[in-house]
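# Fold the following for me, if possible:
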Amino acid sequence: MKLTSLIDNAANLPSIPKVVQELIESFSNDDFEIDDITKKVSADQALTAKVLRLANSAKYGGNRTVGSVNDAIVRMGFEALRTLVLASGITAAFKTPEGFDIKQFWRRSFMVANRAKWVAKYTRQNPETSFTCGMIHCVGDLLMHILLPDQARGIELLVAEGANKVDLQRNQLGFDYLEAGESLAQRWKFPQDIAEGIRYQNEPLGADHPTPLAAINALAIYLTDQADNDKQALLADFPSAIAVSLDIDLVELLANVDQLDEIDEGIEELIG
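Below you'll find the model as predicted:
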């Protein structure tokens with residue numbers, strides 16, 4: 001089975017609003033117009049409704065109700081608004097496959113995204129781009145459950161018994177969820193570094209060329225896996241070599257890992 005043919009012929013391939021693509025482009029563009037983005041968000045009724053619901057939630061709650069995207073920017077700031085629009089646009093793009101725990105999927109995805117953004121602040125990488133790459137680090141897996149539900153469920157059963165997911169997917173399907181995620185990011189016209197960040201996150205030090213977002217994703221995934229463990233357990237197996245590849249000051253980063261205890265506030269509202 002060829003991944004390109006599967007995606008090219010898929011009738012239910014997830015698509016995202018154009019404004020989401022433009023927001024991602026704005027990460028590296030200092031000349032973008034906030035008013036232009038605001039108008040485009042306002043023109044999308046579904047996006048606007050979710051943004052306003054979140055802007056009026058307990059996390060951002062003020063003395064009066066927010067009734068417009070412009071008011072939401074005043075209350076939250078543009079960076080927070082941008083995160084909400086990205087989250088809303090991308091999560092809404094996917095239909096829930098039968099028997100798939102979509103809330104848990106996005107809960108973990110946002111945990112990885114939050115940690116990717118946190119790690120990026122210790123590097124030369126853009127924190128917002130890192131957040132986006134972390135948020136969609138596993139969309140290839142979700143895509144496979146949408147396009148190949150029977151095969152995907154069968155593989156998950158074997159993975160639950162201890163089998164390696166990537167090996168199974170490659171052997172049974174001819175590609176894995178990392179390649180599927182990369183292909184979807186490319187189809188969405190996301191920057192190539194985001195696509196490569198997804199593709200190489202499991203082996204960021206073994207890629208053919210440096211892929212900083214893959215290394216950031218790898219660290220964020222590790223930190224997410226350790227979220228319920230104490231600091232000593234987190235430090236015991238910390239992938240220092242990956243951090244060093246990003247020129248991270250390990251002493252500074254590890255001294256601040258307690259910040260992660262509060263980093264996931266608001267996730268339930270994003271996936272609600």
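# Kindly tell me how buried residue 99 is, as a neighbour count.
9 (other C-beta atoms under 10 Å). To be clear about C-beta, it is placed using only N, CA and C from the backbone, and glycine gets the same treatment.
# Quick check: closest non-adjacent residue to it.
Once flanking residues are discounted, residue 99 sits nearest to residue 153: 6.8 Å by C-beta to C-beta, 6 or more residues apart in numbering.
# Not counting the helix or strand encompassing the one you found itself, show me its contacts.
Using DSSP states H and E, residue 153 falls within helix 149-160. Contacting residues not belonging to helix 149-160 are listed as 97, 98, 99, 141, 144, 145, 163, 165, 168, 169, 172, 173 [C-beta atoms under 8 Å, 6 or more residues apart in numbering].
# and what of stretch 202-212?
Counting by C-beta under 8 Å, 6+ apart, 123-125, 166, 178, 193, 196-197, 199-200, 214-215, 217-218, 241-242, 245-246 sit against stretch 202-212.
# So if we follow the domain assignment, how does the protein break up?
Taking automatic domain parsing as the reference, the chain has its domains at 15-93, 95-272.
# Switch the ones you listed over to a markdown table; also include mean pLDDT and distance to residue 3.
Shown next, in a markdown table, are the domains of the chain (pLDDT from 0 to 100; distance: least, C-beta to C-beta, whole Å):
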| stretch | mean pLDDT | distance to residue 3 |
| --- | --- | --- |
| domain 15-93 | 83 | 18 |
| domain 95-272 | 94 | 4 |
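# so which of the ones you listed comes closest to residue 8?
domain 95-272 (9.3 Å; C-beta to C-beta).
# if we can go back for a sec, from the contacts of stretch 202-212, which ones fall inside helices?
Applying DSSP state H to those, the entries found in helices are 166, 178, 193, 196-197, 199, 214-215, 217-218, 241-242, 245.
# Can you turn the buried part of those residues into a ChimeraX selection?
Here is the ChimeraX command that picks out the buried ones among these, judged by 16 or more other C-beta atoms under 10 Å:
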select :178,193,196,197,199,214,215,217,218,242,245
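# got JSON lines for the ones in helices among the contacts of stretch 202-212, with distance to residue 15 too?
Listed next are the ones in helices among the contacts of stretch 202-212 as JSON lines, based on distance: C-beta to C-beta, whole Å:
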{"residue": "166", "distance to residue 15": "26"}
{"residue": "178", "distance to residue 15": "21"}
{"residue": "193", "distance to residue 15": "22"}
{"residue": "196", "distance to residue 15": "22"}
{"residue": "197", "distance to residue 15": "21"}
{"residue": "199", "distance to residue 15": "21"}
{"residue": "214", "distance to residue 15": "25"}
{"residue": "215", "distance to residue 15": "29"}
{"residue": "217", "distance to residue 15": "23"}
{"residue": "218", "distance to residue 15": "28"}
{"residue": "241", "distance to residue 15": "38"}
{"residue": "242", "distance to residue 15": "33"}
{"residue": "245", "distance to residue 15": "34"}
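# Can you tell me which of the ones in helices among the contacts of stretch 202-212 is nearest residue 114?
Nearest to residue 114 among the ones in helices among the contacts of stretch 202-212, counting by C-beta to C-beta, is residue 217 at 12.4 Å.
# My understanding was that that closest one contacts residue 135; is that so?
No: counting by C-beta atoms under 8 Å, residue 217 does not reach residue 135; the two are 10.3 Å apart.
# what angle do whichever strand or helix holds residue 21 and helix 192-199 make?
Using DSSP H and E, residue 21 maps to helix 18-26. Between the axes of helix 18-26 and helix 192-199, defined by axes from the mean of the first three to the mean of the last three C-alpha atoms, to 10 degrees, the angle is 100 degrees.
# if we can go back for a sec, for the domains of the chain, please prepare CSV with the additional fields distance to residue 8.
Listed next are the domains of the chain as CSV, based on distance: least, C-beta to C-beta, whole Å:
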stretch, distance to residue 8
domain 15-93, 14
domain 95-272, 9
